[in-house]
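Visitor: can't give you the sequence, but here's the structure:
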Ligand SMILES: CC[C@H](C)C(=O)C(=O)O
Ligand SMILES: [Mg+2]
């Protein structure tokens, strides 16, 4: 029977000082001996996905106390990728994931907390907390802030749903007037919550449902909807129950590493592929698996991508479909329900809320449920009123989207495509693989070859695209933007958006050792490993070299003969300490980022830090 971790500081004469301090935090005599539950909140006014979280940690805390636990809240940082994008601020995005993971570890272990509630939401906060949960392996429940409502604009008499990407693309499109750009900007992000498409934040919050670490609806019920409050209330009760099962009934099944085991990672990756999730999920699932010592690798991702169909297409893969529409079609449980019907899901897995996924689907898949409350839950609709306040409206759709033939979520029989929404490519240019979100690639360019246009930074790529230096048929190659080379593996949302703005979205490819935002689409191939800074061949590509991409064959190659490549490699090595570094880039890299670069690894390992013994 594992002893409560918190007894280390709450019991024993020698801990009188610590108890005195616990009392000063508000603990009463009767609280000593109860499970101490850490609440990792992530409130900040910098991020719309987190502006509404300020009091939600205490909402959970009151429920923990009602359930017989002691709640202690703390806060992590939270970077807004969309604001950090397009300048050196983006260098900090991925490294912040490691800081978040470490800060959760530090607070939970320094104070010997018994269990953990993670209140996350945006791009690096959910993965950072997920890494911490699997690293610490104490009972944990995730509850995220929830998706933002999509924006609605009426342009030239046509009403359409818009999001952040529409504002970015319009701003670089000379055919769009300043007035129309401002209309889109003012409407694209109407409420609190994580940007409304299947971008990285929403992808990851859907994946915690599939991993079994959050409640049904966590990935899809809107931040503004009253129904979301119930997830926070339930999380407060559930975590005390899980803690008691573990410490008082010796039940290890509730621990994150037993819930999010290898089969759960397969379920999560299958969900991601089926819904055309952000490619960042690959990076983050690999990193979470590393922390949880789960043997889940790029090879597993490649295997799954060849058999899991695309069952759901959401912005940016299609316009006008956002997370509110996915929720109305049944959300994550509905997508997993269709995967299960197709024999593509492990349904025997327990979660923090159900004894098995099969049982959860019986109750929560709207094509099976007998529960009116569940059907009502998935009717939660946008309020249509700009706000930064959580749970501030309770509008509902008239009816559920149960159309599995042409609706938002399709059955496997009516899949958008047999091949998954994600593909792992490999070849001499990416010996350890690279990733492309196929759900966002036009069918006409699944096979593509063209001359390389090599840029040593995202900024240089943006300048080349916006000044017309990139032509139809080119392959834009952005190097030294990997985890070590950037450092920080920037998201290339501006270059991919600007290719669209210039009408080149279906006429060019973009290949990088950096990564993409979930808002990117097009023939955008990222995570090239090994990265240039680690001696990867992408570091030897020169302007005019022919690059050959074949998504059906899962291949990507640099068509330069071995003799020439050998010559180039020798010339690079001859540079000594300047080898495998940008030749013409004046980027100021802080000591904090240099420390990150010293420990990080290539994307094929999830860009995890490895400290050599
Ligand atoms: C819309 C882009 C979003 C802010 C992002 O960075 C991601 O999805 O990764
Ligand atoms: Mg991002």
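Guide: Done, it's in. In this text the structure is predicted, and so the values were computed from the model without any measurement. Numbers count the residues shown, from 1 in each chain. Ligands and ions are numbered 1, 2, ... in the order given.
Visitor: Whatever residue of the stretch 1-150 of the chain ends up closest to ligand 1 and residue 15, how far apart?
Guide: Going by C-beta to the nearest ligand atom, ligand 1 is nearest to residue 81 of the stretch 1-150 of the chain, at 3.2 Å. In this view, the C-beta of every residue, glycine as well, is placed from N, C-alpha and C. Using C-beta to C-beta, to the nearest Å, residue 81 is found at 42 Å from residue 15.
Visitor: Neighbour count for those two, which is higher?
Guide: Counted by other C-beta atoms under 10 Å, residue 81 and residue 15 do not tie: residue 81 has more neighbours, with 29 against 15.
Visitor: Could I get the contacting residues of the closest residue to residue 546 other than its chain neighbours?
Guide: In this structure, residue 546 finds its nearest non-sequential neighbour in residue 559, 4.0 Å apart by C-beta to C-beta, 6 or more residues apart in numbering. Residues counted as contacts of residue 559 (C-beta atoms under 8 Å, 6 or more residues apart in numbering) are 449, 545-548.
Visitor: Just the residues you listed: which are in helices?
Guide: Within the contacts of residue 559, no residue falls in helices by DSSP state H.
Visitor: Looking at those, which one is closest to ligand 2?
Guide: Among the contacts of residue 559, residue 547 lies closest to ligand 2 (C-beta to the ion), at 25.4 Å.
Visitor: what's across from the closest one in the sheet?
Guide: residue 450, residue 558 (DSSP bridges).
Visitor: Please, which helix or strand holds the closest residue to residue 252 other than its chain neighbours?
Guide: The shortest distance from residue 252 to any non-neighbouring residue, by C-beta to C-beta, 6+ apart, is to residue 258 (5.8 Å). Using DSSP states H and E, residue 258 sits within helix 256-259.
Visitor: need the strands for the stretch 351-500 of the chain, in chain order.
Guide: 423-427, 430-436, 447-455, 475-478 (DSSP state E, counting those that start in this stretch).
Visitor: For the first one, list every residue counted as buried.
Guide: Think strand 423-427. By neighbour count on 16 or more other C-beta atoms under 10 Å, the buried set for strand 423-427 is 423-427.
Visitor: residues contacting whichever residue of the chain sits closest to ligand 2?
Guide: With C-beta to the ion as the measure, residue 81 is the residue of the chain nearest to ligand 2, at 3.4 Å. Going by C-beta under 8 Å, 6+ apart, residue 81 touches 90, 93, 122-124, 200, 491, 517.
Visitor: Find the pair from those with maximum spatial separation.
Guide: Greatest spacing in those, by C-beta to C-beta: 90 and 122 (13.8 Å).
Visitor: which of these two has more neighbours?
Guide: Between residue 90 and residue 122, counting by other C-beta under 10 Å, residue 122 is the more crowded of the two (30 against 25).
Visitor: if I look at residue 330, how far off is ligand 1?
Guide: Distance, residue 330 to ligand 1, by C-beta to the nearest ligand atom, to the nearest Å: 23 Å.
Visitor: what about the spatially closest residue to that residue that is not a sequence neighbour, neighbour count?
Guide: Once flanking residues are discounted, residue 330 sits nearest to residue 366: 4.1 Å by C-beta to C-beta, 6+ apart. Residues lying near residue 366 (other C-beta under 10 Å) number 22.
Visitor: Fine by me, thanks again.
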